[in-house]
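Asker: Need coordinates for the below:
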Amino acid sequence: MRVGIEVGGTFTDLVAVDQGEVRVVKVPSTPRSPDIGAFNALGAAGIEAAAVTDLVHGSTVATNAILERRGAAIAFVATKGFRDILFMQRHDRRSIYDLHYAKPAPPVRRRDCFEVAERIGPDGTVIAALDEAAVTRDLLPALAAGGYQAVALCLLSAYASPAHEMRLKQMIAAALPGLRIAASHEVAPEFREFERASTTSLSAYVQPVIDGYLDRFEATLAGAGFTGHFSVMQSNGGRMPATAMRSNAISALLSGPAAGVVGAIRQAARSERGNLITFDMGGTSTDVALVQDGEAALAPETEVDGLPIRTPVLDIVTVGAGGGSLIWIDDGGMLRVGPRSAGAEPGPACYGRGGTMPTVTDAHVVRGTIRPDAFLGGGMSLDADAAHRAFADVAKRLGTDVRGAAAAAIRLAVANIVRAIQLVSTERGRDPRDYALLPFGGAGPLLAAEIAEELGIREILVPPNPGVISALGLLSADYVKLRGITRRMGLDAETPSVIAADCARLREATEAEFAALGLTGPLEHRLELDMRFVGQAFEIPVAVDPAELPRLGAADLAERFAEAHRRVYLHGGEPGRKVELVGMRFGVRRRLDALPEVRERAAGLARPESAEVVTGGATVQARLVDAAMLDLNEVVVGPALIEGYSSTSWVPPGWRGARDGAGNMLLRKEG
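Answerer: Predicted coordinates for the structure are as follows:
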């Protein structure tokens, strides 16, 4: 039995595959102890932990620890003269007209930042040796007296030569064996000192939190007789054994959104769709990604709470427009949606758990696209009166009725998501009309058609059980490891051989790590080069097949870079302008067997033939359709609500849909 459990902000989702049978479950999340929600999902699915052979988990534990500042007490150690790098940051301002603007606060206090005398140059040469006597005399006693749970080491140019950082780590580990150590040459061995320092300090900050979470999770599993494989999803779209997370917790930062994209890609491939714009609208936020030829792009870094994190992540844009996003009026009288969320506790007003402010979910209840008796297949009844009461004040301030306020809020949520999609498509040289829109998450299919109309997209692909696609993605994810290095050099005749040598070293190290984790079997390899014109501030990733390296020359690499530059900036640069290599990322993938076909979970809910829905300023009678009972190629003409266990799809007037042989619902604009 293979089980995927994804802990979201509002619901915890489970997908289990047992000898071809697929089980799907959603239960409320437990924010204070996310592991409790995960085991509640196992119980709701009637699954004994002892029967599970492969368990994959994704959660927001690391992200929440940063956002809520609930990480560990840490120290930060830098080269002498660079103690304040985490506080100086970059010179940019996120809010240029805010007189009270303050830079994002790092996860460490200034009094907990220490210096060591040493210096390595950017070419890896030793300028000043590590003063080990001063480390023993000054640093080690200070760390011992500080009550720290972890320490982050970020010495200058450690990406070029980690010798001093390795020695410092050895000395600290020998003197303070219980102290967790995050070293920049292991966490983010790339140039740009602030980004590397920020990543390393955040890794140290969340590592004890992740370790504690995994300890509790594994102890509960062991107590229930679990003896199978336990993996954790990474931000890069691949999984790794949980033991690997104990050395680099930062790689699991955005595991939930990444799992959703992976699940969407795998399910779309069954319908032979490889060019997609995915959007995952859950309870707290909406995550948007672009997929080209069945592959989601990787971004070299991301940020959380304004702090940069230099680790490969799927290129996902997030906006605060989820089902639980609060709807409110700002001081200027303008309607707002998010970014604050009602979360799982108390949740939307219609949940009946004490929430009083309106949310996007409440707006759907008011306009009729969510029927209170059909939520979670009838397993959770909603309070429609509470949803209407929650909108009363907003409606009064807008000078409209409750339904008008709910409709306005939904239009605003649509606009927010459209803007996010434009960030990953039109602003990166991609026309959204060339892609199919794939919505998932509990709230995604409710807004998909309205979003598609705004963008001119004419085809929507709604997967079966769209509300649990992230959990399905956990099971679909392969084992993946990415290693990045900095290698700055001009593009010349020697560059291809240097790349090949670096690639060979990275391959050896990564495959050795796979072997140590027991991950045997055929492996696939990928390589991305970070390149730029000389004088440019930032680089562009250029994909290269490692098998091509013996045949590629400098001119070939220059042409690959020009193509990538043209896609982003609409031109390939001035003829003859010099190009340089900045760094590279090497990846190893071990693929897993494909999952069986996933069908919609039957709800067994009695329903009337139609229901009232407010759309376009009018009230229409929408046909009600049971998603699980929909026959292959049976055409559904809008207006219609296709109700499933985990989500409802809204088919507006002018749209029609039919389920294909892969179980996906294809919605198309008429005319």
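
Asker: Look through the protein and report the residue furthest from the middle.
Answerer: Residue farthest from the centre of the chain, counting by CA atoms, centre = their mean, is residue 133 at 43.8 Å.

Asker: three-state assignment of it?
Answerer: With DSSP: H, G, I helix; E, B strand; the rest coil as the basis, residue 133 sits in helix.

Asker: got a list of what it touches?
Answerer: Going by CB atoms under 8 Å, 6 or more residues apart in numbering, residue 133 touches no other residue. All C-beta atoms are positioned from the backbone trio N, CA, C, and that covers glycine.

Asker: try 10 Å this time
Answerer: The contact partners of residue 133, by CB atoms under 10 Å, 6 or more residues apart in numbering, come to residue 117.

Asker: Strands of the stretch 451-600 of the chain, residue ranges please.
Answerer: Applying DSSP state E, counting those that start in this stretch to the stretch 451-600 of the chain gives strands spanning 459-462, 479-490, 524-533, 540-544, 579-590.

Asker: Format those strands as JSON lines; extra columns: mean pLDDT, distance to residue 145 and mean neighbour count.
Answerer: Below are those laid out as JSON lines (pLDDT from 0 to 100; distance: least, CB to CB, whole Å; neighbours: other CB atoms under 10 Å):
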{"stretch": "strand 459-462", "mean pLDDT": "96", "distance to residue 145": "58", "mean neighbour count": "22"}
{"stretch": "strand 479-490", "mean pLDDT": "92", "distance to residue 145": "35", "mean neighbour count": "18"}
{"stretch": "strand 524-533", "mean pLDDT": "94", "distance to residue 145": "41", "mean neighbour count": "19"}
{"stretch": "strand 540-544", "mean pLDDT": "91", "distance to residue 145": "44", "mean neighbour count": "19"}
{"stretch": "strand 579-590", "mean pLDDT": "93", "distance to residue 145": "38", "mean neighbour count": "21"}
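
Asker: Look up the pLDDT of the residue farthest from the centre of the chain for me, please.
Answerer: pLDDT for residue 133: 97.

Asker: just to revisit the earlier point, of all the strands of the stretch 451-600 of the chain, which one is nearest residue 613?
Answerer: strand 459-462 (17.5 Å; CB to CB).

Asker: tell me how far that closest one is from the chain's mean position?
Answerer: Distance of strand 459-462 from its chain centroid, counting by CA atoms, centre = their mean, to the nearest Å, is 22 Å.

Asker: Mind giving me the packing neighbours of that strand?
Answerer: Under the contact criterion of 3 or more CB pairs under 10 Å, 6 or more residues apart in numbering; DSSP states H and E, strand 459-462 touches helix 255-269, strand 436-440, helix 444-455, strand 648-651, strand 655-659, strand 665-669.

Asker: one more time with 6 Å, if that's ok
Answerer: In terms of contacts (3 or more CB pairs under 6 Å, 6 or more residues apart in numbering; DSSP states H and E), strand 459-462 is packed against strand 436-440, helix 444-455, strand 665-669.

Asker: Now residue 374. Nearest residue, chain neighbours left out?
Answerer: Distances taken as CB to CB, 6 or more residues apart in numbering put residue 643 closest to residue 374, at 5.0 Å, once the chain neighbours are dropped.

Asker: State whether that neighbour and residue 375 are indeed in contact, as I suppose.
Answerer: No. The pair residue 643 / residue 375 is not scored as a contact, 9.3 Å apart, by CB atoms under 6 Å.

Asker: Give me the more crowded residue out of these two.
Answerer: Of the pair residue 643 and residue 375, residue 643 is the one with more neighbours under other CB atoms under 10 Å, namely 23 against 20.

Asker: Can you point out the buried residues in the longest helix seen in the chain?
Answerer: Taking DSSP state H as the criterion, the chain has its longest helix at helix 193-223. Applying a neighbour-count criterion of 16 or more other CB atoms under 10 Å, one finds 193-211, 213-214, 217, 220-221 buried in helix 193-223.

Asker: Run through the neighbouring helices and strands of it.
Answerer: Against helix 193-223 (3+ CB pairs under 6 Å, 6+ apart) you get helix 61-67, strand 74-79, helix 85-88, strand 150-154, strand 180-183, helix 184-187, strand 307-309.

Asker: Thanks a lot, catch you later.
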